[in-house]
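[1] Sequence first, predicted coordinates after that:
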Amino acid sequence: MEELWKVLEKTEYRVPLENAYRNYQTSGKVYYLLNALDLWYFLTMKRKLSGSSFCTEGIRDLFYLQIDMTNIEWIYRARLLFKLQPSEVLNLLIPLRGLLERQLFVELSNVSSTEEFLKKLSQTPYGKFFKDVKEDDLPFVLERICDRILLDKARRLSNNLQNGCDVAGGYVYIREYEYKDLVTIIETKRYSLSFEEAKGYLVTFEE
């Protein structure tokens, strides 16, 4: 990690990662670095979107939905995998208001089981995406579920033929998830997964 940091110090990532790297050195916990990168990305994107006259409400909604999905993933990791206290979990979240109410994130940060986590998510506007998800599978499919929620929004955005910016913005997200699936398919072949096993890891696959 020290060798990696010497490389990063010479890049634009030095400033956003400096404090996080010190926390990592003290604690040995790599999530400080991951969280700092997420925060840097969303703050940078927010600044660019705010300064763009071509950014539509639809593209902004997609961006803020991505913040919500990232926070949901972070809460799961921090609370149920890393076993952090609720106050510590909340401190790791992206401090930008998305489309979901903050109270939901407070409640998710206080769960004590995967069952409770899934139950609360099922009560959100995106509950259908968490339907029938098995508790034991969640660590492996949560990121894909969040990607599917974003993909659904991107597809609807790209169908707004009255606005070329919406179409272009949605198209970029759709292509990104297709590329992700190509990588996943290569990995499933590498590990000799069956089709039934593999399809659960794909973002764009539909029954």
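    Cool, the structure landed. None of these values were measured; they are calculated from a predicted model.

[2] what residues are up against residue 206?
    Shown here is residue 206, which makes no contacts under the criterion C-beta atoms under 8 Å, 6 or more residues apart in numbering. (Glycine included, C-beta is placed from N, CA and C.)

[3] Determine the three-state secondary structure at it.
    Secondary structure assignment for residue 206 (DSSP: H, G, I helix; E, B strand; the rest coil): coil.

[4] To what extent is the residue nearest to residue 69 when sequence neighbours are not counted buried, counted in neighbours?
    Once its chain neighbours are removed from consideration, residue 69 has its nearest residue in residue 146; the separation is 3.8 Å (C-beta to C-beta, 6 or more residues apart in numbering). Using other C-beta atoms under 10 Å, residue 146 has 22 neighbouring residues.

[5] Find the residue closest to residue 64 in space, skipping its chain neighbours.
    residue 98 (4.4 Å).

[6] Could you check how far residue 8 is from residue 94?
    In this view, residue 8 and residue 94 are 21 Å apart by C-beta to C-beta, to the nearest Å.

[7] Quick check on the two: which one has the bigger neighbour count.
    Neighbours were counted for residue 8 and for residue 94 using other C-beta under 10 Å; residue 94 has more, 19 against 15.

[8] so what's that one up against?
    Contact analysis of residue 94 by C-beta under 8 Å, 6+ apart lists 38, 39, 42, 67, 70, 71, 74.

[9] and what of residue 131?
    residue 122.

[10] got the contact list for the residue nearest to residue 64?
    For residue 98, the contacting residues are 64, 65, 67, 68, 71, taking C-beta under 8 Å, 6+ apart as the criterion.

[11] among the contacts of residue 94, which are in helices?
    Secondary structure of those is defined by DSSP state H; positions in helices are 38, 39, 42, 67, 70, 71, 74.

[12] shouldn't residue 180 be in contact with residue 187?
    No - in terms of C-beta atoms under 8 Å, residue 180 does not count as a neighbour of residue 187; the distance is 10.6 Å.

[13] Among those two, which residue is more densely surrounded?
    Neighbour tally, residue 180 and residue 187, criterion other C-beta under 10 Å: the higher count belongs to residue 180, 18 against 12.

[14] Which residue comes closest to the more buried one once chain neighbours are left out?
    On the basis of C-beta to C-beta, 6+ apart, the spatially nearest residue to residue 180 that is not a chain neighbour turns out to be residue 203, at 5.8 Å.

[15] again with residue 54
    Here the nearest residue to residue 54 in space, its sequence neighbours aside, is residue 165; by C-beta to C-beta, 6+ apart that works out to 5.4 Å.

[16] With residue 163 instead?
    With C-beta to C-beta, 6+ apart as the criterion, residue 163 has its nearest non-adjacent residue at 5.8 Å, and that residue is residue 56.

[17] Spatially central residue in this protein, please.
    A centroid search over the chain (C-alpha atoms, centre = their mean) returns residue 70, at 3.1 Å, as the residue closest to the centre.
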